[in-house]
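[1] below is the sequence, then the predicted model.
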Amino acid sequence: MTFAHPWLLALLVLPVGLAVFLWKRAGRRVPLPFDHQPLRRARMLGFLLKSADLLPVGLLMIAIAILAGPRRFEQPRNEREMSNILFCLDVSGSMMANFGAATRYDAAMEAVNDFITFRKGDAFGLTVFGSSVLNWVPLTNDVSAFRCAPPFLRPEVLPPWFGGTNIGMALRSAEKTLLAGETGDRMIVLFTDGMSYDLTNGQDLAIAQSLKANNIKVYGVHVAEGSAPDEVGVIASLTGGEIFSAGDPGALKAVFARIDEMEKAPLKRSTPDPVDFFQPFALAALGIGALYLLTLFGLRYTPW
């Protein structure tokens, strides 16, 4: 146990000194007739009387201890180290193609919201891209913005010039966003249904090497029939991630379950924080006060 203001404990010398004085004082004796009789001295009664006198001193000591701010440390907890997960979502016109009962875009956004629901304790961000890049949700633990995002990011409501698929540009932008965020594990989950010209001529290797140097893993999710482009597979492989092909919405959810298994954040032992610990002092004060009140009904000095 510790105290927030330990210097106040020095004031305990005052009640201790008062207790010594009360215990040792003889007081002024009042001669009574029975003093001259051969009566046995009531030593136990004298001890009880002196002890009753010290009860208020005990209350004063407890009051000083409470003013000093008693504290104890909480039990250390296991907390999961935070991962920074950035979703890169392709919003080109082809993402409006049918995908199960909905569109590729709808299936991808639904999977994202499902993933952040059961993946607790991480920071999430959302970047959408086409011919340009828009960082819609910065890395945050508050995922409420993800719930509101789908109607505003549909490819059909975005400006016409936003069409296209520039995966390389999106990955470079996502890398800058992750590096500017909190420390911890970093991951990019890329949703796309096509190929990008800015990954050709060795640009995929350059992007992968930069991401790997910054310990950023890329998981690619090909939201369409068939296999993902080789360039995306190269980036995922070199960064330590993986590429998935989701042929239907059900498979897309299985992809996120697989990513969650692969990227379990480690647990760390948190440092216990000091918390106020007034309860034992308050109970002791109540007990002493109640006992002293009982002594006032009969256990006291009288000169007659």
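    That came in fine, so what should we check first? Numbers count the residues shown, from 1 in each chain.
[2] ranges for the strands of the stretch 101-250 of the chain?
    102-103, 123-129, 133-140, 185-192, 216-222, 242-245 (DSSP state E, counting those that start in this stretch).
[3] how far off centre is the last one?
    A distance of 31 Å separates the C-alpha centroid of strand 242-245 from that of its chain, computed with CA atoms, centre = their mean, to the nearest Å.
[4] what's it in contact with?
    With CB atoms under 8 Å, 6 or more residues apart in numbering as the test, strand 242-245 has contacts from 219-222, 226-228, 232-233, 236-237, 251, 255, 258-259, 262. For every residue, glycine as well, the C-beta is placed using N, CA and C.
[5] show the buried residues in the residues you listed.
    219-222, 228, 232-233, 236, 251, 255, 259 (16 or more other CB atoms under 10 Å).
[6] nearest spatial neighbour of residue 226, chain-adjacent residues omitted?
    Counting by CB to CB, 6 or more residues apart in numbering, residue 226 lies nearest to residue 245, which is 7.2 Å off, once chain neighbours are set aside.
[7] count of residues packed around the spatially closest residue to residue 233 that is not a sequence neighbour?
    Leaving aside its chain neighbours, residue 233 sits nearest to residue 243 (4.5 Å; criterion: CB to CB, 6+ apart). Other residues lying near residue 243 total 20 when counted by other CB atoms under 10 Å.
[8] mind listing the residues bridging to residue 243?
    Counting by DSSP bridges, residue 243 is bridged to residue 220.
[9] then stretch 109-124 to PDB, C-alphas only?
    Coordinates of each C-alpha in stretch 109-124 appear next as PDB, following Å, rounded to 0.1, in the frame of the first residue of the first chain:
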ATOM      1  CA  MET A 109     -18.200  -3.200 -47.000                       C
ATOM      2  CA  GLU A 110     -20.400  -5.700 -45.200                       C
ATOM      3  CA  ALA A 111     -17.300  -7.900 -44.600                       C
ATOM      4  CA  VAL A 112     -15.300  -4.900 -43.300                       C
ATOM      5  CA  ASN A 113     -18.100  -4.100 -40.700                       C
ATOM      6  CA  ASP A 114     -18.300  -7.700 -39.700                       C
ATOM      7  CA  PHE A 115     -14.600  -7.900 -39.200                       C
ATOM      8  CA  ILE A 116     -14.300  -4.800 -37.000                       C
ATOM      9  CA  THR A 117     -17.200  -6.100 -34.800                       C
ATOM     10  CA  PHE A 118     -15.500  -9.200 -33.600                       C
ATOM     11  CA  ARG A 119     -11.900  -7.900 -33.800                       C
ATOM     12  CA  LYS A 120     -11.800  -5.800 -30.600                       C
ATOM     13  CA  GLY A 121      -9.000  -3.700 -29.300                       C
ATOM     14  CA  ASP A 122      -7.400  -2.600 -32.600                       C
ATOM     15  CA  ALA A 123      -7.200   0.600 -34.500                       C
ATOM     16  CA  PHE A 124      -9.000   0.600 -37.900                       C
END
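[10] for that stretch, the distance to its chain's centre please.
    In terms of CA atoms, centre = their mean, the centre of stretch 109-124 is set 17 Å apart from its chain centre.
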